[in-house]
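**Q** Quick one: sequence plus predicted model below, questions after.
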Amino acid sequence: MISANRPASVTPFGDKRKTPRWAVGIKGKIFVPDRQYGEECLISDLSTAGAGLKTSCSAALGTKVVLYIDEFGRYDATIVQSYRRRWA
């Protein structure tokens, strides 16, 4: 999950969002400037303060990234949560 407005100290437990999220299925790209690395992603949910992504790109909490959302534009953001789930 990335956010343009939230500090990296937000915990993954409970929903503490100030703005509602909408489920979407929009393609995008995530770019990590410090590593000069980017790849495609799927934006699974979106609000005015952040987005949930599905991607194989990994970055530490607090990492500055650039998110390109198809048909929406370019956004500077920070990684604030990360989940790795394994489905059986």
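**A** Structure's in. What do you need?

**Q** Now tell me which helix or strand of the chain has the poorest mean pLDDT.
**A** When the helices and strands of the chain are compared on mean pLDDT, DSSP states H and E, strand 2-3 comes out lowest with a mean of 55.

**Q** For D34, which three-state class applies?
**A** Here D34 takes the helix state, with states given by DSSP: H, G, I helix; E, B strand; the rest coil.

**Q** since we're on it, how many residues are nearby?
**A** A count of neighbours around D34, defined by other Cβ atoms under 10 Å, yields 9. For every residue, glycine as well, the C-beta is placed using N, CA and C.

**Q** who's in contact with T55?
**A** 30, 39-42 (Cβ atoms under 8 Å, 6 or more residues apart in numbering).

**Q** Ok, G28 next?
**A** Contact analysis of G28 by Cβ under 8 Å, 6+ apart lists 40-43, 53, 67-70.

**Q** What does the pLDDT read for it?
**A** As predicted, G28 sits at a pLDDT of 95.

**Q** try V80
**A** At V80, pLDDT is 88.

**Q** Ok, F31 next?
**A** 96.

**Q** same thing with P12?
**A** P12 is given a pLDDT of 48.

**Q** any idea which of the contacts of G28 is closest to I79?
**A** The closest of these to I79 turns out to be L53 (Cβ to Cβ; 9.4 Å).

**Q** Could you look up the SS state of the closest one?
**A** strand.

**Q** what about F31, neighbour count?
**A** 15.

**Q** in this structure, which spans are strands?
**A** Residue ranges of the strands in the chain, as given by DSSP state E, are 2-3, 22-32, 37-46, 50-54, 64-69, 73-79.

**Q** which one of those strands has the most crowded surroundings?
**A** When you average the neighbours per residue for each of the strands of the chain (mean count of other Cβ atoms under 10 Å), strand 2-3 leads with a mean of 22.

**Q** where among the strands of the chain is the average confidence lowest?
**A** strand 2-3 (a mean of 55).

**Q** from memory S58 sits against S82, does it?
**A** Yes. Proximity of S58 to S82 meets the contact threshold set by Cβ atoms under 8 Å, at 7.5 Å.
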